[in-house]
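K.L.:
Turn this into a structure:
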Amino acid sequence: MPYIRSMASTLRLPRPLVDDDATAVRFLRRYYADGHPGFSGRHFERLGGGGDAPAVKDRFTSDDLVAVTMLSVQVPPHTAWAILEEKSAALGDLLRQIPTDVDLVDVDPEEIGPTWPAWQLWESLRAMEGIGWVTAGKLLARKRPRLVPVYDDVVRDVVRPTGSFWQALHLALNTADLHQHLLDLRDESAIGEDISPLRVFDVVTWMVGKSTPA
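P.N.:
From the prediction side, this is the model:
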């Protein structure tokens with residue numbers, strides 16, 4: 001697994017995203033297959049029409065809170081109420097600063113830091129009771145699937161980042177032409193154009209981490 005390096009970050013790409021397209025495509029097709037229980041995560045981005053749908057893109061909804069349960073995390077009831085009611089306006093103000101039509105690959109790398117609105121929203125969510133870095137990231141990925149990747153312990157153990165994962169992934173998307181490769185894998189697997197390249201990255205990497213037979 002090659003490392004993608006910068007001054008601040010490193011990222012290790014799993015083999016199916018480097019030189020084993022056949023395995024990556026099998027992973028994607030199995031994950032998104034219909035007709036059997038399969039993986040509940042295949043509903044994450046599509047439930048209720050998606051978290052970035054025009055009518056709901058700038059506010060968290062109950063569909064978003066249900067969607068993250070498809071990825072095996074839960075938002076505690078009192079925190080769910082705060083997200084939907086008490087803190088809805090403040091969280092919405094940050095969401096409005098984060099575009100829905102921009103891919104992570106196209107972001108100025110100098111923006112990816114604590115002053116970046118996406119980073120600020122992640123910190124705001126992470127500070128809420130019962131929400132750790134994983135759940136905060138999944139909520140943000142639900143709202144901005146082209147800009148923020150799903151990221152958890154399984155993916156972290158595979159890619160072994162140093163420094164900021166977002167910065168390291170941004171570098172990989174550019175220097176390793178990974179963004180286009182993810183689009184190609186999505187097209188070959190025929191899982192749907194509504195699935196973002198970042199989600200392709202997550203699913204393949206997660207399947208590697210789970211050692212799921214291809």
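
K.L.:
Kindly state the pLDDT recorded for the residue lying farthest from the centre of the chain?
P.N.:
Within the chain, E86 marks the point farthest from the mean C-alpha position, 25.6 Å out by CA atoms, centre = their mean. With respect to pLDDT, E86 scores 97.

K.L.:
Show me where the protein has its helices.
P.N.:
For the chain, the helices defined by DSSP state H occupy 21-31, 62-69, 77-81, 88-95, 117-126, 133-143, 153-159, 165-175, 178-189, 197-209.

K.L.:
A55: which of those helices is closest?
P.N.:
Closest to A55 of the helices of the chain is helix 62-69 (CB to CB; 11.0 Å). The way it works is simple: take the backbone N, C-alpha and C, and place the C-beta from them, glycine included.

K.L.:
And the closest one, what does it pack against?
P.N.:
The contact analysis (3 or more CB pairs under 8 Å, 6 or more residues apart in numbering; DSSP states H and E) places helix 62-69 against helix 133-143.

K.L.:
still on that earlier bit, R46: which of the helices of the chain is closest?
P.N.:
Closest approach to R46 among the helices of the chain (CB to CB): helix 62-69, 8.7 Å.

K.L.:
tell me the mean pLDDT over that closest one?
P.N.:
What helix 62-69 shows for mean pLDDT is 98.

K.L.:
returning to what we had before: rank the helices of the chain by pLDDT, which is bottom?
P.N.:
helix 165-175 - the lowest mean pLDDT of the helices of the chain, at a mean of 92.

K.L.:
report the angle between the axes of it and helix 133-143?
P.N.:
Taking axes from the mean of the first three to the mean of the last three CA atoms, to 10 degrees, one finds helix 165-175 and helix 133-143 inclined to each other by 50 degrees.

K.L.:
how far does helix 165-175 sit from the chain's center?
P.N.:
Centroid separation for helix 165-175 versus its chain: 13 Å, with CA atoms, centre = their mean, to the nearest Å.

K.L.:
With stretch 91-101 instead?
P.N.:
On the basis of CA atoms, centre = their mean, stretch 91-101 is displaced by 16 Å from the centre of the chain it belongs to.

K.L.:
In it, which residues are buried?
P.N.:
L91, L94, L95, I98, P99, T100 (16 or more other CB atoms under 10 Å).

K.L.:
Does A118 touch I98 like I think?
P.N.:
Yes: using CB atoms under 8 Å, A118 is in contact with I98, at 5.2 Å.

K.L.:
Residues in contact with both of the two, list them for me.
P.N.:
R144, L147 (CB atoms under 8 Å, 6 or more residues apart in numbering).

K.L.:
still on that earlier bit, now do the same contact list for the residue farthest from the centre of the chain.
P.N.:
Counted by CB under 8 Å, 6+ apart, E86 has zero contacts.

K.L.:
Over to D194?
P.N.:
E45, R46, G50.
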